[in-house]
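Enquirer: Quick one, what's the 3D model for this:
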Amino acid sequence: MLQAQELSPGEPFGSANGSPQEIFRSNLREAKRGNAQAMGVVGLMYRRGLGCPKDQAEALEWLEKGAQKGDADAENNLGFLYFQGSGVKQDDAEALKWFRKAAAQGLASAEGNLGLMYGRGSGVHKDYALALEWFKKAAGQDDSDSQVNLAQMLSLGEGGPQDYIESHKWFSLALKDHSLESSQVSELRNDIEWLEKHMTGKQVAEARKRAETWKPGEDPADKP
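Expert: Numbering: from 1, shown residues only. Okay, here's the model as predicted:
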């Protein structure tokens with residue numbers, strides 16, 4: 001896939017009650033009081049036009065405020081704006097800076113975005129080994145986009161040894177994301193089917209076992 005990730009709208013708003021308009025007003029009040037997380041939420045809501053008119057200038061202003069105060073989500077989403085050139089001049093170096101700040105706080109989507117930057121050579125020298133490491137970090141936090149990117153790299157032997165068992169495992173884990181569209185589910189199943197044609201029965205069984213026993217933050221394949 002190798003696509004940059006903006007924070008999902010469901011994450012900042014899912015824990016709040018009320019209509020999008022009420023959520024926006026509540027977060028705007030808190031943002032004006034200096035709450036960094038609320039600043040990031042307001043910025044994203046302005047960007048998406050959720051509970052308020054879509055306004056890219058306001059989105060940028062609030063994301064910058066939240067990012068400057070150290071909110072990881074705001075840092076990642078600000079980096080995303082620079083990566084895409086959305087409302088700002090496209091700037092890989094600036095995107096990389098904010099992705100790194102957010103990743104330093106352990107934000108999975110930012111870790112995945114760093115994997116993308118290294119995999120594409122955007123703002124940095126292309127480095128598949130570093131891309132693989134960042135995708136592993138994000139995938140280990142159950143980030144499905146990074147799980148897919150990691151699986152693809154492992155199946156091709158990019159950044160490290162080719163490993164069909166681990167590739168199968170990560171594709172299978174990504175399939176558990178209920179937010180996937182039907183076309184994405186079909187694509188992942190096709191990838192798994194292709195792998196199984198090139199694996200022994202024992203290898204397939206091992207891959208399935210690893211996927212079944214895996215827990216976020218823990219990789220059974222790394223255990224002694």
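
Enquirer: I'd guessed residue 99 sits against residue 76; true?
Expert: Yes - look at residue 99 against residue 76 with C-beta atoms under 8 Å: they come within range, at 6.5 Å. Every C-beta, even on glycine, is put in place using the N, C-alpha and C of the backbone.

Enquirer: Now do the shared contacts for the two.
Expert: In terms of C-beta atoms under 8 Å, 6 or more residues apart in numbering, residue 99 and residue 76 are both contacted by the residues 110, 113.

Enquirer: Helices of this structure, start to end?
Expert: According to DSSP state H, the chain carries its helices in the segments 10-13, 20-32, 36-48, 56-68, 72-84, 92-104, 108-120, 128-139, 144-156, 164-174, 182-197, 201-213.

Enquirer: want to throw the ones you listed into JSON lines with mean neighbour count and mean pLDDT?
Expert: Shown next, in JSON lines, are these (neighbours: other C-beta atoms under 10 Å; pLDDT from 0 to 100):
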{"stretch": "helix 10-13", "mean neighbour count": "16", "mean pLDDT": "46"}
{"stretch": "helix 20-32", "mean neighbour count": "17", "mean pLDDT": "93"}
{"stretch": "helix 36-48", "mean neighbour count": "25", "mean pLDDT": "94"}
{"stretch": "helix 56-68", "mean neighbour count": "20", "mean pLDDT": "96"}
{"stretch": "helix 72-84", "mean neighbour count": "26", "mean pLDDT": "94"}
{"stretch": "helix 92-104", "mean neighbour count": "20", "mean pLDDT": "96"}
{"stretch": "helix 108-120", "mean neighbour count": "26", "mean pLDDT": "94"}
{"stretch": "helix 128-139", "mean neighbour count": "22", "mean pLDDT": "97"}
{"stretch": "helix 144-156", "mean neighbour count": "24", "mean pLDDT": "96"}
{"stretch": "helix 164-174", "mean neighbour count": "24", "mean pLDDT": "98"}
{"stretch": "helix 182-197", "mean neighbour count": "14", "mean pLDDT": "96"}
{"stretch": "helix 201-213", "mean neighbour count": "14", "mean pLDDT": "98"}
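
Enquirer: what about the most centrally placed residue in the chain, distance to residue 77?
Expert: In the chain, the C-alpha nearest the mean C-alpha coordinate belongs to residue 109, at 2.8 Å (C-alpha atoms, centre = their mean). Distance from residue 109 to residue 77, counting by C-beta to C-beta, to the nearest Å: 9 Å.

Enquirer: Can you pull the domain assignment for this protein?
Expert: Residue ranges for the domains of the chain, per automatic domain parsing: 1-126, 128-217.

Enquirer: re earlier: quick check, the residue nearest to the centre of the chain in contact with residue 76.
Expert: Yes - Residue 109 lies in contact with residue 76 (C-beta under 8 Å); the separation is 5.5 Å.

Enquirer: what's the closest non-adjacent residue to residue 71?
Expert: Using C-beta to C-beta, 6 or more residues apart in numbering and skipping the chain neighbours, the partner closest in space to residue 71 is residue 36 (4.0 Å).

Enquirer: Do I have it right that residue 203 meets residue 165?
Expert: Yes - shown here, residue 203 and residue 165 form a contact pair, counting by C-beta under 8 Å, at 5.4 Å.
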